[in-house]
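Q: predicted model, plus sequence, below.
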Amino acid sequence: MPEHELTLPPPGLAGQTPVRVRMDAQVGLAIAAAVLTTALTAVSFWLSFESLHDLATAHRLQGERAWAWPATVDAFIAIGELLILRASLMSRVDPWAIVLTAAGSLGSIVLNIASVGVSDDPLDYVTAAVPP
């Protein structure tokens, strides 16, 4: 049995059987969380891109430029998140990565809300703000 699968009992419980840690369950949960996080991120970016594309076309950007503009806005978020992951794997905090992610998120949220225009229903604005 591999050494990392066993834990020692707390000092007050000496003489009792050690508890086996289920590494396969932990790995399975980590994989499921990674898959769901990736799916959520992909759908969120798609919704945000659609909204920002509509805003770009409403303001005279056409064709490839109308699709490239949302990419430049939301790329701040993606780059910042990758830099946060890198810092996390190095057990560090990268303040610039946090600033980059926050700036991209706030910019994307504001622009997605702006794409709604004038509406009497407050949920229109909430729905526009949620994807990023």
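A: Done, it's in.

Q: give me the neighbour count for Ile79.
A: 14 (other C-beta atoms under 10 Å). For glycine as for every other residue, the C-beta is placed from the backbone atoms N, C-alpha and C.

Q: tell me, how many residues neighbour Gly63?
A: 8.

Q: ok, now how distant is it from Thr57?
A: Gly63 is 9 Å from Thr57, where distance means C-beta to C-beta, to the nearest Å.

Q: for Gly104, same thing?
A: In terms of C-beta to C-beta, Gly104 sits 21 Å off from Thr57.

Q: for Arg92, same thing?
A: 41 Å.

Q: between the two, which one's more packed in?
A: Of the pair Arg92 and Thr57, Thr57 is the one with more neighbours under other C-beta under 10 Å, namely 15 against 9.

Q: show me what contacts the residue nearest to that one when sequence neighbours are not counted?
A: Once flanking residues are discounted, Thr57 sits nearest to Ala66: 4.9 Å by C-beta to C-beta, 6 or more residues apart in numbering. Contact analysis of Ala66 by C-beta atoms under 8 Å, 6 or more residues apart in numbering lists His53, Ala56, Thr57.

Q: try it again at 10 Å.
A: Leu52, His53, Asp54, Leu55, Ala56, Thr57, Ala58, His59, Arg60 (C-beta atoms under 10 Å, 6 or more residues apart in numbering).

Q: pull out the buried residues from the strand or helix carrying Ala66.
A: Per DSSP states H and E: Ala66 is located in helix 63-89. Across helix 63-89, burial judged by 16 or more other C-beta atoms under 10 Å covers Ala66, Trp69, Pro70, Val73, Asp74, Phe76, Ile77, Gly80, Glu81, Leu83, Ile84, Ala87.
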